[in-house]
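In: just the structure for this:
(one chain, ligands or ions: 3)
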Amino acid sequence: MKEGDMVGITAKVSRFNPETDKEPHFETYTVSVHDGARVLHVLHAIHDRLDPTLAYRFCCEAGQCGSCAMRVNGEPVLACMEEATDGMTVEPLRLPVIRDLLVEVEGVLARLAPFEAGEEPEIPSKEEIEAIKPLRDCIECLSCVSECPAVDVASFLGPTGMRQEMRIALDPRAKHDRIKKAIDEGLFTCTTCQRCRDVCPKKIAIPGRAIEKLREIANREGLTLPRHQAVARLIEETGRSVDRTKATFLEQVPEVVEPDGPVRGEVGFFVGCMYNGRVPETALDMIEVMKRNGIRLIIPHDQVCCGSPLIRTGQTAILPELKKRNIEAFARKGVTTVMTMCAGCGSTLKNDYDTPFTVKDITEVLTEYGIEPPARLDVRATYHDPCHLLRGQGISGQPRELLKTAVREFVEMPSRCCGAGGGVRSGLPDEAAALGKQRDDEIKKTGADIVVTACPFCEFHIRENTDRPVKHICTLLLEGYREKDRKRNRPAKG
Ligand code: SF4
Ligand code: SF4
Ligand code: FES
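Out: Ligands and ions are numbered 1, 2, ... in the order given. Modelled structure (predicted):
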């Protein structure tokens with residue numbers, strides 16, 4: 001096929017007329033367009049040749065104005081930049097729908113903080129200009145707002161509202177300190193799930209560049225939530241972010257755990273506060289899986305909290321000390337790879353540390369070495385993607401690969417934040433519970449018997465919000481191994 005040849009594209013387009021329809025429905029259209037046509041060209045063809053009542057918004061047709069944002073095959077995109085594919089579905093953003101693909105944007109845009117210069121404005125330094133630049137790239141498409149889980153359940157202006165607040169906070173010419181306003185607009189409701197960064201056509205890293213930085217300013221002004229302050233005090237006093245209620249994981253294991261058979265590999269293990277103090281049973285299951293698969297574990301007992309709860313809530317004063325202690329604890333043991341099984345710790349060690357060793361999630365380690373196949377358990381399982389694994393570390397295939405070896409049937413569910421992260425579970429438990437409830441609704445829709453995940457925060461939080469068993473992938477693998485052993489040892493019939 002030559003460039004410019006005509007191709008037939010069939011598209012399912014969401015239609016909604018508020019005067020006649022109770023709710024949106026899909027209509028299917030087939031049009032002939034040039035090969036390589038964008039979604040917007042297909043909408044133009046439908047509008048011009050088949051149905052002039054189709055309503056959608058566009059202006060620049062060059063990815064610059066943000067007006068054509070919509071969902072194609074479920075993901076927010078700019079229709080003028082996205083290549084059309086045969087069989088695609090086209091829907092409006094998840095915002096109040098005015099008609100067809102037109103959504104209400106004025107309400108949010110009108111509330112974005114205005115820039116007001118002070119009377120004797122200071123000229124920004126080169127560093128300040130560099131810091132402001134990435135926050136200025138917003139084209140106000142509102143894809144981020146439409147996908148933000150916090151906007152759904154809390155009073156939150158949304159990601160781009162926080163981006164604008166930080167853009168102003170960084171500018172020495174601005175007239176007012178607006179941090180109290182940012183808090184009123186929902187600064188602490190963000191779960192740092194990173195969904196806004198992923199869907200942003202300009203790839204603005206709002207959680208890291210705006211939300212966590214605004215929370216640091218709030219901290220300097222004494223405005224951190226009291227429950228977050230309590231977590232910071234606990235870390236400062238004990239090196240851990242969760243209260244000690246029972247024997248910790250580190251108290252139950254030696255510093256070196258040898259495998260049952262020949263050694264196929266060796267990794268350091270960074271346990272994290274949740275697996276150390278709250279759910280050590282899951283980390284003990286992991287030990288059995290590693291022993292069975294020939295991987296030696298080096299577990300320094302002087303490791304401490306990675307600092308993730310402090311970074312996410314803007315309380316970074318003691319962070320350098322925590323980083324130093326952790327890096328030294330593993331460097332002293334001479335390990336070249338450190339393994340995490342908490343998605344939050346893994347994301348923090350990979351993205352917020354500068355380590356002299358490689359950091360890998362347990363699902364990476366197990367798939368790279370390869371594992372003894374477990375017996376398949378007679379269950380239908382679904383998988384919850386931890387935000388800090390999926391978006392924080394880009395890991396989605398490995399846990400699914402492992403999970404599928406251990407169950408009769410696997411069923412997908414949409415990836416969405418469970419509400420446990422960003423200090424929301426500790427600081428705003430009602431919001432966390434509302435998001436947990438949404439997860440339970442999705443779990444029920446899959447008809448799954450069990451939910452599998454790969455993060456202790458998700459494991460603990462989803463367990464509180466669903467009646468289905470929630471297991472870490474290691475627990476599932478261990479159950480598969482036990483079932484295999486049981487079958488092997490079962491006496492033969494007759
Ligand atoms: S990180 Fe998640 S919760 Fe926070 S603003 Fe972005 S989409 Fe919303
Ligand atoms: S931050 Fe990105 S996704 Fe959000 S409105 Fe701006 S350009 Fe769109
Ligand atoms: S029409 Fe302007 S970004 Fe698509």
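In: residues near the residue nearest to Val153 when sequence neighbours are not counted, how many?
Out: Nearest non-adjacent residue to Val153, counting by Cβ to Cβ, 6 or more residues apart in numbering: Ala434, 4.0 Å away. Where C-beta positions appear, they are placed from N, C-alpha and C, glycine not excepted. Counted with other Cβ atoms under 10 Å, residues neighbouring Ala434 total 17.
In: one more: Phe269?
Out: The number of residues near Phe269, taken as other Cβ under 10 Å, comes to 28.
In: pLDDT value on the residue in the stretch 301-450 of the chain positioned nearest to ligand 2, please?
Out: Residue nearest to ligand 2 within the stretch 301-450 of the chain (Cβ to the nearest ligand atom): Arg391, separated by 14.4 Å. If you check Arg391, the pLDDT there is 97.
In: up against ligand 3, what does this structure have?
Out: Taking Cβ under 6 Å from any ligand atom, the part of the chain that reaches ligand 3 is made up of Phe58, Cys59, Cys60, Glu61, Gly63, Gln64, Cys65, Gly66, Ser67, Cys68, Leu78, Cys80.
In: which of those residues tops the neighbour count?
Out: Ranking those using other Cβ under 10 Å puts Leu78 first, with 26 neighbours.
In: contacts only, for it.
Out: Taking Cβ atoms under 8 Å, 6 or more residues apart in numbering, we find Leu78 in contact with Gly63, Gly66, Cys68, Ala69, Cys141, Pro201.
In: same thing with Ala174?
Out: For Ala174, the contact set (Cβ under 8 Å, 6+ apart) comprises Phe115, Glu116, Ala117, Gly118, Ile168.
In: so for this protein, the centremost residue is which one?
Out: Nearest to the geometric centre of the chain sits Cys387, at 2.3 Å (Cα atoms, centre = their mean).
In: ok, back up a step: filter the residues of the chain next to ligand 3 by proximity to ligand 2?
Out: Checking the residues of the chain next to ligand 3 against ligand 2 (Cβ under 6 Å from any ligand atom), the matches are Gly66.
In: so which of the residues of the chain next to ligand 3 are in strands?
Out: Members of the residues of the chain next to ligand 3 lying in strands (criterion: DSSP state E): Leu78.
In: just put the residues of the chain next to ligand 3 in JSON lines and tack on pLDDT.
Out: Formatted as JSON lines, the residues of the chain next to ligand 3 follow (pLDDT from 0 to 100):
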{"residue": "Phe58", "pLDDT": "98"}
{"residue": "Cys59", "pLDDT": "97"}
{"residue": "Cys60", "pLDDT": "97"}
{"residue": "Glu61", "pLDDT": "97"}
{"residue": "Gly63", "pLDDT": "97"}
{"residue": "Gln64", "pLDDT": "96"}
{"residue": "Cys65", "pLDDT": "97"}
{"residue": "Gly66", "pLDDT": "97"}
{"residue": "Ser67", "pLDDT": "97"}
{"residue": "Cys68", "pLDDT": "98"}
{"residue": "Leu78", "pLDDT": "98"}
{"residue": "Cys80", "pLDDT": "98"}
